[in-house]
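[1] turn this into a structure:
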Amino acid sequence: MTPQSGTADSAKARLILLTLAAGQFLMALDSSVMNVSIATVAQDLGTTVTGVQGAITAYTLVMAMFMIPGGKVGAIIGRKRAFLIGCAIYGCGSLTTAVAPNLTVLLIGWSFLEGIGASLILPAIVALVAGNFAPERRPAAYGLVAAAGAIAIALGPLIGGVATTYFSWRWVFAGEVVIVLGILLLARRVTDAPVDERHRIDLVGTVLSALGLGAFVYGVLRSDEWGWFQPKPDAPAWLGISLVVWLMLAGILLVWLFLRWEAHLVAQRKEPLVDPALLQNRQLTGGLTMFFFQYLVQMGVFFVVPLYLSVALGLSALETGTRLLPLSLTLLAAAVLIPKLLPDVSPRRVVRIGILALLAGTVTLMAALDADAGAEVVTFPLLLVGLGMGALASQLGSVTVSAVPDEQSAEVGGVQNAVTNLGASIGTALAGSILIAALTTSFLTTIEQNPAVPAAVTSQASVELESGVPFLSDAQVETALREAGTSPEITQAALDANAAARLDGLRAALAILALSALLALFFTGRIPATQPGSGKE
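    Sure thing, here's the model as predicted:
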């Protein structure tokens, strides 16, 4: 593959970059845009909130299962063709979702078709950036593409809030169809190397990797509902242990079998789905590890901050989305300006600064949360988090792809997106479960220590809230207690306990994210100290 072939002139390069960034933006948008509209979607389709949340879970699950095979398909039929086919499938899924009359059709369009489309598009984007930009230009290109995805996640609540408030949630998916058509038109300029070898798909490896990643991610996604280890009331369990543990263990075992099978194919001189030798590449595994931690912290922050703004402070979806904009500004600035102004900077140094910025942002936000704090307290921490995300985005894509020959870029794309999907799932689940656990402990402790609350009420609350105290606004708590006919004293005690417990839960979730960022620093030594193609050792 000749990277320089796609950079004959800057106008064409910008158009190619716009096309690929639009694809990344579109893939990330679905992860956040509908979170503010779940109740509206459920009512419109005549289903439950749980049903719509299940569709979101299924979308994540389909992507996780087929991301690695999707990367191999790109190597077989060509990266550009895989990208175009993926966009077409995704567009059909968006159109189906936009006109869905019930939950079943929503699952087909959103969860299945869009998930399959994304599993073809995302690995292809990684390979196409490598194929269209010379090594020295890849950090900037990967930075912009990654920034487009992160900005989509930040803008998702705002876009979803505007659509739901003034139009309909269906317009979001109709708009995605229009974007897909634009991408298909622009993609004609994207250069792709011809498929000069006869590749084959490893069916056994495909099944093992899909089942392994699917089981693990499904277990993680169910942790909030079932419990990480101790099963929650009425949750499935085996030998007294939550089914989450068994699903994660089964997933790890299947992934181990997958790697053993791939090693067997290599020994037989047959083509594997993923060459196990890739995982012995120090630079590649270093980049993948950083991707994992970045998305873990990133999605955890995107889970916690909107909860604080929309539930604790009672901001609307529009106001919540607006408060997330500072993150987008520093994210885009760092992703664009670092490669442009410091083209020869050490990737390892930038990654370390990015991780430290994520750490500083989460710690600052944790310290700023207070009962009297307003929405303005998130601004400076989000600027730091955006700076960290932008710094990481400006380097990591180039680090992973430059670690292997260009012809393996599609495989790297599949593994990379599987890792980021895994990190995002764990980050959201971990932040959510820690938040609820801390919230429950704080709420029940405060109620027990309040002399205005009778012992009988305290005992009843402990039993009924055994599975966890829900994250509720003051208005929701007051309404529920009024309907239950509780006295004004108990209602006020519950409101005070809930307000304090919410902050304790949010701080605990941010603490685990800060700890994750700190842990990531120990793995930055695997990131190279010089830029790819610099010629330095």
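
[2] quick check: the gap between the closest residue to Gly374 other than its chain neighbours and Glu136.
    Once flanking residues are discounted, Gly374 sits nearest to Leu313: 7.0 Å by CB to CB, 6 or more residues apart in numbering. Glycine gets a C-beta too; all of them are placed from N, C-alpha and C. Distance of Leu313 to Glu136, given as CB to CB, to the nearest Å: 46 Å.

[3] and what of Leu284?
    With the distance defined as CB to CB, Leu284 ends up 19 Å from Glu136.

[4] same check, this time on His264
    In this view, His264 and Glu136 are 39 Å apart by CB to CB.

[5] quick one: the helices in the stretch 201-350 of the chain?
    Secondary structure of the stretch 201-350 of the chain, counting by DSSP state H, counting those that start in this stretch: helices at 203-221, 223-226, 243-267, 282-307, 317-323, 325-341, 347-368.

[6] quick one: which of Leu284 and Glu136 has more around it?
    Neighbours per residue (other CB atoms under 10 Å) separate Leu284 from Glu136, with Leu284 holding more: 23 against 16.

[7] so who does that one touch?
    Applying CB atoms under 8 Å, 6 or more residues apart in numbering, we find Leu284 in contact with 278, 400, 403-404, 412.

[8] hmm, 6 Å instead?
    By CB atoms under 6 Å, 6 or more residues apart in numbering, the contact set of Leu284 is 278, 400, 403.

[9] what helix or strand does the second one sit in?
    The secondary structure element spanning Thr400 is helix 396-402 (assigned by DSSP states H and E).

[10] so which elements touch the helix or strand following that helix?
    The helix or strand immediately downstream of helix 396-402 is helix 409-449, counting by DSSP H and E. On a contact count with 3 or more CB pairs under 6 Å, 6 or more residues apart in numbering; DSSP states H and E, helix 409-449 meets helix 49-77, helix 114-132, helix 203-221, helix 223-226, helix 282-307, helix 396-402, helix 455-464, helix 488-520.

[11] just the pLDDT at Pro381, thanks.
    Each residue has a pLDDT score; the one for Pro381 is 93.

[12] buried residues, the helix or strand hosting it. List them.
    Using DSSP H and E, Pro381 sits in helix 379-393. By neighbour count on 16 or more other CB atoms under 10 Å, the buried set for helix 379-393 is 381-393.

[13] next, the buried residues of stretch 353-362.
    Quick answer for stretch 353-362 (16+ other CB under 10 Å): 353-362.

[14] just how off-centre is that stretch within its chain?
    Computed by CA atoms, centre = their mean, to the nearest Å, the chain-centroid distance of stretch 353-362 equals 18 Å.

[15] ok, residues contacting that stretch?
    So stretch 353-362 is contacted by 297, 381, 384-385, 387-388, 391-392, 510, 513-514, 517-518, 520-521 (CB under 6 Å, 6+ apart).

[16] closest to Ile89 out of those residues?
    Among these, Leu392 lies closest to Ile89 (CB to CB), at 29.6 Å.

[17] for Phe303, see how far away that closest one is.
    Distance, Leu392 to Phe303, by CB to CB: 18 Å.

[18] rewinding a little: out of the helices and strands packed on helix 409-449, which is the most enclosed?
    helix 114-132 (a mean of 29; mean count of other CB atoms under 10 Å).

[19] mind saving the C-alpha coords of it as CSV?
    Extracted in CSV, the C-alpha atoms of helix 114-132 (Å, rounded to 0.1, in the frame of the first residue of the first chain):
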residue,chain,number,x,y,z
GLU,A,114,-26.4,-0.6,12.4
GLY,A,115,-24.2,-2.9,14.6
ILE,A,116,-23.1,-5.0,11.6
GLY,A,117,-22.5,-1.8,9.5
ALA,A,118,-20.4,-0.3,12.3
SER,A,119,-18.3,-3.5,12.6
LEU,A,120,-17.3,-3.1,8.9
ILE,A,121,-16.9,0.7,9.0
LEU,A,122,-14.8,1.3,12.0
PRO,A,123,-11.9,-1.2,11.2
ALA,A,124,-11.9,0.1,7.6
ILE,A,125,-11.5,3.7,8.8
VAL,A,126,-8.3,2.8,10.6
ALA,A,127,-6.9,1.1,7.5
LEU,A,128,-8.0,3.8,5.1
VAL,A,129,-6.3,6.5,7.1
ALA,A,130,-3.1,4.4,6.9
GLY,A,131,-3.6,4.0,3.2
ASN,A,132,-4.3,7.6,2.4
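
[20] C-terminal to that helix, what's the next element?
    helix 138-166.

[21] and that next one, how far out from the chain's middle?
    Distance, stretch centre to chain centre, for helix 138-166: 12 Å (CA atoms, centre = their mean).

[22] residue contacts, Gly414?
    67-68, 70-71, 123.

[23] for the record, mean pLDDT for stretch 503-510?
    Per-residue scores along stretch 503-510 average to 89.

[24] what does it rub up against?
    Under the contact criterion CB under 6 Å, 6+ apart, stretch 503-510 has outside partners 304, 308, 362, 365-366, 369, 431, 434-435, 438-439, 442.

[25] for stretch 300-317, same thing?
    Against stretch 300-317 from outside (CB under 6 Å, 6+ apart): 36, 153, 157, 161, 320, 323, 375, 378, 385, 427-428, 431, 471, 473, 502, 506, 509, 513.

[26] filter those to the buried ones?
    Here, 16+ other CB under 10 Å leaves 36, 153, 157, 161, 320, 323, 375, 378, 385, 427-428, 431, 471, 473, 502, 506, 509, 513 buried among the contacts of stretch 300-317.

[27] least trustworthy helix or strand in this protein by mean pLDDT?
    Sorting the helices and strands of the chain by mean pLDDT, DSSP states H and E puts helix 455-464 at the bottom, at a mean of 56.

[28] Ala147: what's its closest spatial neighbour, skipping adjacent residues?
    Ala335 (3.8 Å).

[29] how many neighbours does the spatially closest residue to Gly390 that is not a sequence neighbour have?
    In space, and not counting its chain neighbours, Gly390 is closest to Ala334: 2.7 Å by CB to CB, 6+ apart. Neighbours of Ala334 under the rule other CB under 10 Å: 25.

[30] identify the residues contacting Ala334.
    Neighbours of Ala334 in contact, by CB under 6 Å, 6+ apart: 387, 390-391.
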